[in-house]
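Can you look at this prediction? I've put the sequence above it.
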Amino acid sequence: MVHKMYTSTRVIRFKNVASMMAGMPICLKILQYWKNTLKQDVSLMTPVLGGHPARVLFVVRSEDIESNLRLSEQANKDKKNLALVAKLSEFVDGSATNDQVWKTIA
């Protein structure tokens, strides 16, 4: 079994719980689009304990950092992806969005 070495995460915090309910279907469309069109190993998570309840975490895994960067650039140029992200932005508190990249060491 091959282990993915790099994990990129994006926490998206919604304006409120009502915005989260409206934004979740868009998050799921983005997830499916990234999986099917951009062929990314991606998942979507919601919090169970701690922190603001109206948020989601996109998680993208890849073999190398260059793949993560290349796929991110591809997504940022993709018109359908950009349209979905623009629609989602109506519901998101952009000041609370957070990106990180992690490397697996063990």
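Right, received. Where do you want to start?

In this structure, where's the longest helix?
Counting by DSSP state H, the longest helix found in the chain is helix 17-36.

Only the buried residues of the helix or strand following it, if you could.
Remark: after helix 17-36, the chain's next helix or strand is strand 41-45, criterion DSSP states H and E. Within strand 41-45, the residues that qualify as buried are 42, 44, counting by 16 or more other Cβ atoms under 10 Å. C-beta here means a position set from N, CA and C on the backbone, and glycine is covered the same way.

Excluding its own residues, what touches the longest helix of the chain? List them.
12, 14, 40, 42-44, 53-56, 58, 60, 75, 80-81, 84-85, 87-88, 90-92 (Cβ atoms under 8 Å, 6 or more residues apart in numbering).

So which of these belong to strands?
Among these, the ones falling in strands (DSSP state E) are 12, 42-44, 55-56, 58, 60.

wait, what's in contact with residue 10?
Residues in contact with residue 10, defined by Cβ under 8 Å, 6+ apart, are 57-58, 97-99.

Neighbour-wise, which one of these leads?
Counting neighbours by other Cβ atoms under 10 Å, residue 58 leads the contacts of residue 10 with 19 neighbours.

Contacts only, for that one.
Contacts of residue 58 by Cβ under 8 Å, 6+ apart are 9-10, 12, 27, 30-31, 42-44.

would JSON lines of the residues you listed with pLDDT and distance to residue 69 be doable?
Converted to JSON lines, those look like this (pLDDT from 0 to 100; distance: Cβ to Cβ, whole Å):
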{"residue": "9", "pLDDT": "93", "distance to residue 69": "15"}
{"residue": "10", "pLDDT": "94", "distance to residue 69": "14"}
{"residue": "12", "pLDDT": "96", "distance to residue 69": "20"}
{"residue": "27", "pLDDT": "98", "distance to residue 69": "22"}
{"residue": "30", "pLDDT": "96", "distance to residue 69": "19"}
{"residue": "31", "pLDDT": "96", "distance to residue 69": "20"}
{"residue": "42", "pLDDT": "93", "distance to residue 69": "15"}
{"residue": "43", "pLDDT": "96", "distance to residue 69": "19"}
{"residue": "44", "pLDDT": "97", "distance to residue 69": "21"}
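
Nothing else from me, thank you.
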